[in-house]
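Trainee: Okay, structure incoming, though there's no sequence with it:
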């Protein structure tokens with residue numbers, strides 16, 4: 001069960017400019033992953049966790065509100081963890 005979330009430097013930078021309610025939801029997602037594991041958090045409909053397609057195949061996203069999403073990958077190896085790659089304003 002994956003319970004460790006790490007942020008890339010880009011994700012840290014992105015989070016400095018998002019609205020407070022987006023940051024609050026992101027922090028709630030991180031706390032949930034670390035408390036109950038990624039597999040269980042994926043079942044929570046409010047995050048709309050989904051795999052991405054095209055040039056982003058292998059990445060997943062969660063929706064933080066109607067406009068913002070966080071992009072992450074599950075890193076496997078000696079230790080499994082979630083790496084948040086970026087937080088961006090989604091273009092529909």
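Mentor: Perfect, thanks for sending it. Just so it is clear, the model here is predicted, and its values are computed rather than measured. Residues are numbered from 1 along each chain as shown.
Trainee: Now do the same contact list for the most centrally placed residue in the chain.
Mentor: Geometric centre of the chain, nearest residue: residue 70, 4.3 Å, by Cα atoms, centre = their mean. The neighbourhood of residue 70, defined by Cβ atoms under 8 Å, 6 or more residues apart in numbering, consists of 11, 26, 29, 61, 62, 64, 84, 86, 87. C-beta coordinates here come from the backbone N, C-alpha and C atoms, glycine included.
Trainee: ranking those residues by neighbours, who comes first?
Mentor: Using other Cβ atoms under 10 Å as the neighbour criterion, residue 87 leads these with 26 neighbours.
Trainee: Then it would be within a strand, right?
Mentor: Yes. Counting by DSSP: H, G, I helix; E, B strand; the rest coil, residue 87 is part of a strand.
Trainee: thinking again about what came up before, leaving out the residues flanking it, which one is nearest to the residue nearest to the centre of the chain?
Mentor: Spatially, and ignoring its direct neighbours in sequence, residue 70 is nearest to residue 87 (4.8 Å; Cβ to Cβ, 6 or more residues apart in numbering).
Trainee: quick one on the thing from earlier: what's opposite the residue nearest to the centre of the chain in the beta bridge?
Mentor: residue 62, residue 87 (DSSP bridges).
Trainee: Distance of it relative to residue 22?
Mentor: 9 Å (Cβ to Cβ, to the nearest Å).
Trainee: Residues that sit against both of those two, list them.
Mentor: Shared contacts of residue 70 and residue 22 (Cβ under 8 Å, 6+ apart): 64, 87.
Trainee: want to throw the contacts of residue 70 into TSV with pLDDT and distance to residue 38?
Mentor: Below are these laid out as TSV (pLDDT from 0 to 100; distance: Cβ to Cβ, whole Å):
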residue	pLDDT	distance to residue 38
11	97	16
26	98	15
29	97	10
61	97	13
62	97	10
64	96	16
84	96	12
86	97	18
87	96	17
